[in-house]
Structures are given as C-alpha cells and as structure tokens.
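Enquirer: What follows is a predicted structure for the sequence shown.
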Amino acid sequence: MPTTNLADAAIRWYDENARDLPWREPGTSAWAILVSEVMLQQTPVSRVLPAYHAWLSRWPVPAALAADTPAEAIRMWGRLGYPRRALRLRECAVAVVERHGGQVPADLDELLALPGVGAYTARAVAAFAYGQRQPVVDTNVRRFVARASRGAADAGPSTTAADLVDTEALLPAEPARAARASAAFMELGALVCTARSPSCTQCPVVEVCAWRANGHPPAEGPSRRPQQYAGTDRQVRGLLLAVLREAHGPVPAQRLDLVWADDVQRARALRSLLDDGLVMPFGERSYALPAQ
DNA sequence: TAACCGTGGAA
DNA sequence: TTTCCAAGGTT
C-alpha cells in the first residue's frame, strides 16, 4: 500500500536525518513545545533558537509568564516579527493558568480555544507534546503532500479541511508513530522537498512520489503575489514598536515622530498598535509598552 | 475569503 | 538589487 510506504520511508529518513532541535529533545515540556510552535509561526528556525532559550529560561512554566507584564513579553520577543504573537502567547499563558490549572491542555478543542493557537499549532502540541494521532499540517506538510500524494507542484491556496483529510490519510495507525510521521513530513518539506529547489535525488519517497510520476509538472494557476513590505503600515508599525521596545520607559510622541515622515501614515500605524494592545498611551503625549 | 500582521537571510 | 519565503492566526 503506497501510503504506508510513504510514512514508513519518511520515518526511516527522519531517524537518520532529523535536525537536532532543542524542542525535540525527550522530556521537553508541553509548554516549551507550545512556545516553540508559536515562535516558529512564519519565523525561521535559526532566528527562533536564541529566543526560545531566553524565553524558557525566564518563563519556564505558563504561570511565570502569566505573572509578568505584556511589556516584558514584547521586549523578550525582540525582532522575531509579528509581535502580536508575544501578546497572544502571554494571554495564552494566562488562559492556561485560569482554565487548566497551569498545565497546557492535551485536548484538541481546549488547545484550539487558546489565544494565538490555530489549527496547526493545536495539532502540533497534541502530537509532539502528547503523542496523539493528529494531522499536523503546516506549509511544509502541505507542499509535501501536494507533491508526493497529489502530484501537484505546490499546494495552492489553503483548504484546511481537505488538507487535514489528505494528511490524516497518510498517518500510521499507532499514535506515537503517527506523530513521528508528522515530524518526518515537516522535516522533509523543510530540508528536501523545499519550495524553490527540491532535492529529489535525496528524497526517501521519490519512488512513490506522484509529482515525480507525473514528470514534475509545473505549478498551475496564478501564483500568489508576494506580500509587500517597504512603505506599508507594517513597516511603520515595526519602526514604532522598535523604539518603544528598546526604550526603558515611556517615549514622548516627538521621538516617535522621527521614525516616519508621513504624518498620516505614522498616525494610522500608531493607532493600529494601540488597537492591538501592543502600545498604551502614557500621560499627555507619550506612549509605552503595556504594563498590564 | 482575502487581507493584514514583521523581520531577515538566501538566491 | 529585487524577489521570495520562513513550523500561521485572526478578522
């Protein structure tokens, strides 16, 4: 049966080739795995590594983070990007303390109900921290499944329900082995079945790969256009927050005015940071990271 | 559903 | 230099 071969081959490859990442060490807590998963949302492993160690050194359990301020979470987040994740991760810690006695829940629906935890992260924690049989579908797995199983060049627009069904069909029956298969699919997507130049000659499933069987057809349809950054509100938000992150206390509005010349856009960006709860007004004309 | 939300490194 | 993209989530 091809699907069984695919998972088995992936696991055998993973046993020999998996990167030695700290959140994969035996005995890693569910909290540490959750922290790693949130940090890894759209941020490369190499940049997550130091932040992961610093974060868990300071907040080794959810209750520790829940007791600290949002400002400190934002500061510790540093330049990982998408700083709303820092805010949500702290809110998540608060929820874990309030709803689950300080223990990261193992139940999928309880995980999904946590702030900043979506379809991918919830199943990643269920599988990697608790050994459950869950389809863990990230961008690597979507690409790997699209190629190896469906024979397409890429995964196309996200279709969460179908992605879950397609991936689940590839998982071995035994839960712990299914979790290992999920890790193997992710690692294959990250190291071998890459977006730009897949290394098919090094791929352990090349003989059962539908994309290869089809003769490596190119991607169909319009490629999603890359996200803009330069000149967008996101860039201005980043500049504003960087000033506040590096400041020790409240920052006068005059200092924020220096980061971007366009008054309208700068005001709009600041407004959105305030709306997000990443920044708070302080006094008459100053701003600070949220103290609570 | 599609747009929005940071940042940095590699090709 | 520009472009692409990296373990997504939320609205």
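Expert: That came in fine, so what should we check first?

Enquirer: Pull out the buried residues from the helix-or-strand element of chain A with minimal mean pLDDT.
Expert: In chain A, the helix or strand scored least confidently by mean pLDDT, DSSP states H and E is helix A:2-17, which has a mean of 87. Judged by neighbour count (16 or more other CB atoms under 10 Å), helix A:2-17 contains these buried residues: A:6, A:7, A:8, A:9, A:10, A:11, A:13, A:14. Yep, even glycine has a C-beta here, placed from its N, CA and C like the rest.

Enquirer: so which of the residues you listed also contact DNA strand B?
Expert: Filtering those for neighbours of DNA strand B using CB under 7 Å from any atom of the strand leaves an empty set.

Enquirer: for the record, mean pLDDT for stretch A:87-107?
Expert: For stretch A:87-107, mean pLDDT is 98.

Enquirer: what's the answer for stretch A:187-202, then?
Expert: If you average the pLDDT values across stretch A:187-202, you get 96.

Enquirer: centre of the chain versus it, how much separation?
Expert: Chain-centre distance of stretch A:187-202: 20 Å, with CA atoms, centre = their mean, to the nearest Å.

Enquirer: out of the buried residues of helix A:2-17, who's nearest DNA strand C?
Expert: For the buried residues of helix A:2-17, the residue nearest DNA strand C by CB to the nearest atom of the strand is residue A:14; the value is 11.4 Å.

Enquirer: The closest residue to that closest one other than its chain neighbours and DNA strand B: what is the separation?
Expert: Once flanking residues are discounted, residue A:14 sits nearest to residue A:184: 3.6 Å by CB to CB, 6 or more residues apart in numbering. Separation of residue A:184 from DNA strand B (CB to the nearest atom of the strand, to the nearest Å): 23 Å.

Enquirer: Tell me who's in contact with residue A:184.
Expert: Applying CB atoms under 8 Å, 6 or more residues apart in numbering, we find residue A:184 in contact with A:7, A:10, A:11, A:13, A:14, A:18.

Enquirer: The last one - how many residues pack around it?
Expert: The local packing count at residue A:18 equals 17, with neighbours defined by other CB atoms under 10 Å.

Enquirer: show me the residues around it that make contact.
Expert: A:24, A:183, A:184, A:187.

Enquirer: repeat that with 10 Å
Expert: Each residue near residue A:18 by CB atoms under 10 Å, 6 or more residues apart in numbering is listed here: A:11, A:24, A:180, A:183, A:184, A:186, A:187, A:188, A:191.

Enquirer: what residues does chain A put near DNA strand B?
Expert: Proximity of chain A to DNA strand B (CB under 7 Å from any atom of the strand) is limited to residues A:42-44, A:46-47, A:79-84, A:157, A:196-197, A:227, A:229, A:232-235, A:237-239, A:241-242, A:272.

Enquirer: and if we set it to 6 Å?
Expert: For chain A, the residues in contact with DNA strand B (CB under 6 Å from any atom of the strand) are A:42-43, A:79-84, A:157, A:227, A:229, A:232-234, A:237-238, A:241-242, A:272.
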